[in-house]
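Asker: what shape does this take:
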Amino acid sequence: MTAGAADTADIVVVGAGHNGLVCASYLARAGLDVVVLEQSDRPGGALWWTDWQGHQLERGAVEHSAVLTTGIVEDLDLARHGLEYRTRSVAAIHLFGDGTRIVIEETAEATAASIGELSVADGRAWLELAEIGALLLRAYALASDGWIPPPQVATAFARAVAGPRSRRLTDLTRMSAAELAQRWFEHPVVRSMVMFRAAFSSVAPWTPGSAAAFLLTVAGHGRRIGRPVGGSRAFVEALTASAGAAGATVRCGVTVDAVRRAGGSWRVHTSGDKTVIARRGVVSAMAPRPFLLDVLDGALAPRSRRRVERVQEVVDNVSQLTLAAAIDDPLCLPSFGRTELDAGAMWLLSEPSSATEAYSAALLGQLSATPATLVTFPSVADPGAAPAGGATMWADSFTARQLHGRPWSQRRDEASEAVWRTIDACLPGVRGHVRHEVLTTPDDLTGKNGAENAGNHVAPIPGQLLGARPAHGFGNHRSPIDGIYLTGAGTHPGGGVSGLPGRLCARAVLDDLGLGRTRRQRGADVVRQTSSSFRAARAVGR
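Answerer: Next comes the predicted model:
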């Protein structure tokens with residue numbers, strides 16, 4: 001089927017973000033006729049970049065570590081389509097305005113030693129939480145492989161089969177990051193680091209359940225951390241090529257206005273009064289709320305509609321912005337004497353109180369004076385991101401989704417200046433070598449992919465996780481309507497560059513169409529995964 005000529009398909013995928021492309025690839029590889037419709041002029045969704053005089057400036061995510069653990073890169077043969085990763089084992093360095101440093105090392109013991117330079121007790125607490133968090137990481141891995149219980153079932157299971165440590169885990173995952181930091185750590189710098197890391201799930205550190213994000217961090221030592229050579233462009237191009245090689249058609253510049261049932265099929269109405277017939281189903285990679293409430297054109301039953309209307313996309317008005325910059329001298333970049341740190345993630349706080357101040361400001365609709373900021377220099381690991389003698393920077397900062405008083409369009413310079421104040425405090429000398437910068441505000445991100453919460457689509461809070469993501473009755477990537485499926489960051493397991501929502505959604509479609517696992521095989525998988533969970537819980541609980 002040629003792009004632009006298709007008017008029928010087995011499956012129509014709405015949205016060519018990376019999860020939509022992953023889903024389309026798996027479906028096409030199973031022999032289905034798949035068309036992907038994308039409103040933007042190129043695929044990628046929130047994986048977005050701008051070119052400036054030979055510099056590739058990233059505007060979305062730069063870390064693609066999660067996808068390296070899934071097998072998706074191998075399943076879809078992305079290396080054959082030009083994808084190559086550079087990996088490191090040291091996760092990050094935390095920098096403070098007074099020169100204090102904490103390194104998140106490859107092992108929990110080495111990280112604890114770094115923390116121990118500030119507080120021996122806090123180093124010991126890190127090690128204990130790493131052991132407790134291992135069960136959460138194991139449960140996350142199992143759920144990401146297809147067993148997706150509702151949150152209350154997961155909690156009951158852990159309490160029933162596990163020992164004291166696992167019972168403590170379920171209590172910890174209900175805490176806010178601020179409460180965990182206060183109960184477990186004593187040094188203000190360590191407490192601020194804990195809250196900063198937890199809040200990178202786009203929820204404020206005082207939000208109940210936000211401690212779980214930190215526990216995944218503390219349990220994640222030893223994993224590969226990777227970025228694609230060629231940045232997001234290379235990843236998106238490889239995914240698009242893989243989908244095309246499998247037989248899928250990707251059509252860009254096409255806005256889907258409505259999806260309506262037509263007998264046993266679905267009519268997908270697009271811009272320009274064109275229609276694509278989906279004979280066997282529709283997969284939405286859009287943010288769930290606008291697709292289900294608006295595009296699906298009244299198909300939801302009243303009870304289901306009310307559930308979707310209650311979905312929280314943004315909590316406490318917290319959002320993110322990115323600042324990308326072209327730099328004229330690589331020698332101005334920070335050097336820590338270790339290549340993995342120079343190329344890695346730098347978590348910046350001008351002072352410990354900045355870990356919470358940015359979120360308080362967001363709640364009030366204000367800009368933080370010195371927001372918590374994550375910085376990296378992509379060209380260090382990938383010299384091709386900049387021309388000879390140049391470099392690139394990427395910064396990600398927390399901010400308000402909606403501003404009080406003046407709109408984002410009138411406060412771009414003010415927001416950029418605030419981010420630079422944090423960078424200047426922790427990484428002096430970089431700013432003077434910036435030749436060009438691109439600020440991407442929450443409004444820009446929403447304009448790009450239509451999601452109010454561009455990174456997660458749905459806030460990752462208790463009640464909107466696992467089999468209840470995005471809402472009760474919409475778990476396991478199925479809607480209550482036969483033939484309508486959901487993928488993307490608003491479905492399990494959530495945001496980040498993992499591709500797992502795409503693969504799990506494809507699995508649901510194939511199972512329902514009789515092209516995947518049989519009912520007996522699905523039952524055997526649940527038994528196997530439950531048994532594995534039981535053993536893991538017992539091992540950690542002892």
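Asker: pLDDT value on the closest residue to residue 62 other than its chain neighbours, please?
Answerer: Nearest non-adjacent residue to residue 62, counting by Cβ to Cβ, 6 or more residues apart in numbering: residue 394, 5.3 Å away. (C-beta placed from N, C-alpha, C; glycine too.) At residue 394, the pLDDT value in this model is 98.
Asker: strands along the stretch 201-350 of the chain, start to end?
Answerer: 225-228, 249-252, 256-262, 265-270, 274-284, 318-327, 345-349 (DSSP state E, counting those that start in this stretch).
Asker: paired strands for the last one, with orientation please.
Answerer: The one in question is strand 345-349. Sheet pairing here is set by DSSP bridges, and for strand 345-349 it gives strand 92-96 (parallel), strand 373-376 (antiparallel).
Asker: just put those in JSON lines and tack on mean pLDDT and mean neighbour count.
Answerer: What follows is the strands paired with strand 345-349, written out as JSON lines (pLDDT from 0 to 100; neighbours: other Cβ atoms under 10 Å):
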{"stretch": "strand 92-96", "mean pLDDT": "95", "mean neighbour count": "22"}
{"stretch": "strand 373-376", "mean pLDDT": "96", "mean neighbour count": "24"}
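Asker: chain neighbours aside, what residue packs nearest to residue 382?
Answerer: residue 229 (5.4 Å).
Asker: tell me the spacing between that neighbour and residue 79.
Answerer: 11 Å (Cβ to Cβ, to the nearest Å).
Asker: likewise residue 341?
Answerer: 27 Å.
Asker: neighbour count for these two, which is higher?
Answerer: residue 341 (21 against 12; other Cβ atoms under 10 Å).
Asker: quick check: domain ranges of this protein?
Answerer: 8-48+70-83+229-312+453-526, 90-223+527-541, 314-449 (automatic domain parsing).
Asker: give me the three-state assignment for the nearest residue to residue 110 once chain neighbours are set aside.
Answerer: Closest residue in space to residue 110, ignoring its immediate chain neighbours: residue 103 at 7.7 Å, by Cβ to Cβ, 6+ apart. Under DSSP: H, G, I helix; E, B strand; the rest coil, the three-state class of residue 103 is strand.
Asker: now do the contacts for residue 103.
Answerer: 90, 92, 93, 94, 110, 111, 114, 341 (Cβ atoms under 8 Å, 6 or more residues apart in numbering).
Asker: low-scoring stretches of the stretch 151-300 of the chain, by residue?
Answerer: Applying pLDDT under 70 to the stretch 151-300 of the chain flags residues 151-167.
Asker: show me the helices in it, by range?
Answerer: With DSSP state H, counting those that start in this stretch, the ranges of helices along the stretch 151-300 of the chain come out as 151-161, 164-174, 177-184, 188-198, 211-218, 231-246, 288-290.
Asker: okay, buried residues for the fourth one please.
Answerer: If I follow you right, that is helix 188-198. Of the residues in helix 188-198, those buried under the neighbour-count criterion (16 or more other Cβ atoms under 10 Å) are 189, 190, 191, 192, 193, 194, 195, 196, 197, 198.
Asker: the residues you listed into TSV, with extra columns for distance to residue 183?
Answerer: Output for the buried residues of helix 188-198, formatted as TSV (distance: Cβ to Cβ, whole Å):
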residue	distance to residue 183
189	17
190	13
191	10
192	15
193	15
194	11
195	13
196	17
197	16
198	13
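Asker: what is the nearest of those residues to residue 245?
Answerer: Nearest to residue 245 among the buried residues of helix 188-198, counting by Cβ to Cβ, is residue 197 at 38.5 Å.
Asker: test my guess that that closest one contacts residue 214.
Answerer: Yes - at 5.4 Å, residue 197 counts as touching residue 214 under the criterion of Cβ atoms under 8 Å.
Asker: which residues are in contact with each of the two?
Answerer: Common neighbours of residue 197 and residue 214, using Cβ under 8 Å, 6+ apart, are residue 177.
Asker: measure stretch 361-375 end to end?
Answerer: End-to-end distance for stretch 361-375: 21 Å, by Cα to Cα, to the nearest Å.
Asker: ok, now stretch 276-294?
Answerer: Span of stretch 276-294 from end to end, Cα to Cα: 18 Å.
Asker: neighbours of the residue nearest to residue 382, just the number please.
Answerer: Residue 229 has 17 nearby residues by other Cβ under 10 Å.
Asker: what of residue 262?
Answerer: Residue 262 sits with 11 neighbouring residues when counted by other Cβ under 10 Å.
Asker: and it, how far from residue 299?
Answerer: Counting by Cβ to Cβ, the gap from residue 262 to residue 299 is 12 Å.
Asker: then residue 509?
Answerer: For residue 509, the distance to residue 299 - Cβ to Cβ - is 18 Å.
Asker: ok so, going back, is the residue nearest to residue 62 in a helix, a strand, or coil?
Answerer: In three-state terms, and counting by three-state DSSP, residue 394 is strand.
Asker: hmm, it is touching residue 380, no?
Answerer: No - if you go by Cβ under 8 Å, residue 394 and residue 380 don't touch, sitting 11.1 Å apart.
Asker: higher neighbour count, those two?
Answerer: Between residue 394 and residue 380, residue 394 has the larger neighbour count (other Cβ under 10 Å), namely 25 against 21.
Asker: what residues are up against that one?
Answerer: 57, 58, 62, 322, 323, 324, 375, 376, 377, 378.
Asker: and of those, the nearest to residue 224?
Answerer: residue 62 (15.3 Å).
Asker: which residues touch the closest one?
Answerer: Per Cβ under 8 Å, 6+ apart, neighbours of residue 62: 227, 231, 232, 376, 378, 394.
Asker: wasn't it part of a strand?
Answerer: No - per three-state DSSP, residue 62 lies outside any strand segment and is coil.
Asker: and it, backbone torsions?
Answerer: phi -110, psi -30 (degrees, to the nearest 10).
Asker: can you pull the contacts of the residue nearest to residue 232 when sequence neighbours are not counted?
Answerer: Closest residue to residue 232 apart from its sequence neighbours, by Cβ to Cβ, 6+ apart: residue 47 at 4.1 Å. Going by Cβ under 8 Å, 6+ apart, residue 47 touches 17, 18, 60, 61, 232, 235, 236, 497.
Asker: for residue 47, helix, strand, or coil?
Answerer: For residue 47, the secondary structure call by three-state DSSP comes out as coil.
Asker: what does stretch 506-520 rub up against?
Answerer: So stretch 506-520 is contacted by 11, 22-23, 25-27, 30-32, 146, 280-281, 283, 476-478, 485, 487, 522, 525 (Cβ under 8 Å, 6+ apart).
Asker: list the buried residues in it.
Answerer: 506, 507, 508, 509, 510, 511, 513, 516.
Asker: next one: stretch 427-435
Answerer: 427, 430, 431, 433, 434.
Asker: circling back to that earlier point, now, which of the contacts of residue 47 sits nearest residue 451?
Answerer: Taking Cβ to Cβ as the measure, residue 17 is the one of the contacts of residue 47 closest to residue 451, at 9.5 Å.
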